[in-house]
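Student: When you get a sec, could you give me coordinates for this:
(one chain, ligands or ions: 2)
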Amino acid sequence: MNRRSPFDRIPERDWNDWQWQQAHRIRDLAELSLSVELTDEEVEALDTSADVFAFATTPYYTSLIDPEDPNCPVRRQAIPSLAELNVLDSELEDPLAEDTHMPVPNLTHRYPDRALLYASHNCPVYCRHCNRKRKVADPKSAPSRGELDEAIAYVQATPSIRDVLVSGGDPLSLSDSRLDDVLTRLRAIPHLEIIRLATRTPVTLPQRITEALAERLADAGCVLSNQMVLLKGINDRADVVRELNHWLLRHRCRPYYIFQADAVQGTSHFRTPVETGVQIVESLRGWTSGLAVPHYVVDLPHGGGKVSLQADFLQGRDGRMLDFRNYRGERFDYEEGF
Ligand SMILES: *Cc1c(COP(=O)(O)O)cnc(C)c1O
Ligand code: SF4
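Tutor: Numbering: from 1, shown residues only. Ligands and ions are numbered 1, 2, ... in the order given. Next up is the predicted model:
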């Protein structure tokens with residue numbers, strides 16, 4: 001990797017140490033301007049957006065930014081823009097009503113058989129499109145051990161929950177021992193079949209996946225899935241998504257979801273038309289491995305939950321005779337049984 005000044009002088013041992021990366025996060029204009037040529041707009045945004053959502057990025061993630069390109073996709077995800085101050089009437093602070101569907105603090109229980117646990121409110125990089133920016137980065141909102149006890153006790157007392165998503169913030173910003181504590185306590189619940197760990201560290205702080213952690217996860221039989229948020233000007237092109245998904249499959253990671261960006265306050269500059277997502281999945285179906293075709297979903301405001309969208313291949317029906325078009329646009333009849 002091409003490390004730019006001021007990172008090129010950092011010893012390899014430090015650079016590869018996640019705790020070093022975490023401790024040396026870039027948190028202000030002065031530090032950031034050492035490695036990125038900031039635009040006037042970014043300089044202003046770094047100052048004015050601080051009250052709305054903190055800025056922080058790891059040296060590693062910053063080193064991926066093209067220092068000269070204001071539209072660099074990594075940069076747009078990490079560096080504030082003035083558009084964040086533009087809040088639409090329809091945008092919400094808590095777009096998925098996660099904080100209202102909380103039977104106990106730090107746990108959202110919306111679907112019948114699964115629940116979402118917030119294990120940390122810290123993240124290595126604060127993604128500018130974050131749908132939890134209302135609480136992420138705010139040290140006062142981080143769950144105390146007692147609150148986590150309560151959330152875990154709720155799972156224990158609710159036999160219908162067979163799947164828990166450990167999320168945050170980024171749960172991998174916890175130390176191995178704190179993470180171990182949470183996972184061990186969840187694992188001890190007999191009716192809990194699946195534990196998922198929702199993290200962005202493979203992207204923002206890959207050093208966090210230490211040899212020891214990787215071995216542990218592999219021994220535990222973990223499977224990997226990718227959830228990508230569709231972002232305007234960043235990953236909203238079919239060829240980009242196809243290349244990403246092929247890369248993921250080569251690395252044994254399932255492209256699971258493409259999320260339509262949630263209507264979070266101050267993120268309208270990131271949102272694409274829904275049609276873009278439909279077209280992306282349509283351009284994959286048939287043209288590449290079915291495994292490379294994720295579900296495109298919209299998580300409905302006010303806690304409606306996720307719904308999937310796809311191109312309509314069924315064109316019509318006449319009794320039991322169905323009229324389909326295929327991925328190439330050719331038409332085929334199919335007769336149902338009776
Ligand atoms: C997304 C989500 C889940 C998990 O949904 P899956 O479709 O099973 O991946 C669970 N709980 C909440 C509140 C969610 O938002
Ligand atoms: S890692 Fe997730 S929770 Fe953290 S800032 Fe990014 S999107 Fe938000």
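Student: Please spell out which residue in the protein sits farthest from the middle.
Tutor: The centre of the chain is farthest from one residue, F338, which by Cα atoms, centre = their mean lies 44.3 Å away.
Student: Spit out the contact partners of the closest residue to it other than its chain neighbours.
Tutor: Among residues not flanking F338 along the chain, R320 sits closest, at 6.2 Å (Cβ to Cβ, 6 or more residues apart in numbering). Using the backbone N, CA and C atoms, a C-beta is placed for each residue, glycine as well. Going by Cβ atoms under 8 Å, 6 or more residues apart in numbering, R320 touches 335-338.
Student: of these, closest to ligand 1?
Tutor: Nearest to ligand 1 among the contacts of R320 is E336, at 29.0 Å by Cβ to the nearest ligand atom.
Student: and the closest residue to the closest one other than its chain neighbours, how far is that from Y118?
Tutor: Of all residues not flanking E336 in the chain, R320 sits nearest, at 4.3 Å (Cβ to Cβ, 6+ apart). To Y118, R320 is 49 Å away according to Cβ to Cβ, to the nearest Å.
Student: do E336 as well
Tutor: E336 sits at a distance of 46 Å from Y118 (criterion: Cβ to Cβ).
Student: what does S63 give?
Tutor: The value you get for S63 to Y118, if Cβ to Cβ is used, is 29 Å.
Student: Mind checking which of the two has more residues around it?
Tutor: Y118 (27 against 21; other Cβ atoms under 10 Å).
Student: Enumerate every residue touching the more buried one.
Tutor: When contacts are counted by Cβ under 8 Å, 6+ apart, Y118 is found next to 106-108, 143, 151, 167-169.
Student: Going along the chain, name the helices of the stretch 101-250 of the chain.
Tutor: Assigned by DSSP state H, counting those that start in this stretch, the stretch 101-250 of the chain shows helices spanning 145-156, 176-187, 201-204, 211-219, 238-250.
Student: Can you say which of those is packed in most?
Tutor: Comparing the helices of the stretch 101-250 of the chain on average neighbours per residue, with mean count of other Cβ atoms under 10 Å, the densest one is helix 201-204 at a mean of 19.
Student: who touches that one?
Tutor: Helix 201-204 has contacts (Cβ under 8 Å, 6+ apart) with 18, 57-58, 60-61, 123-125, 170, 172-173, 208-209.
Student: What sits closest to A137 if chain neighbours are left out?
Tutor: A137's closest residue in space is A54 (Cβ to Cβ, 6+ apart), at 4.0 Å.
Student: wait, doesn't the one you found sit right on Y126?
Tutor: Yes. Applying Cβ atoms under 8 Å as the test, A54 and Y126 come out as touching, 5.7 Å apart.
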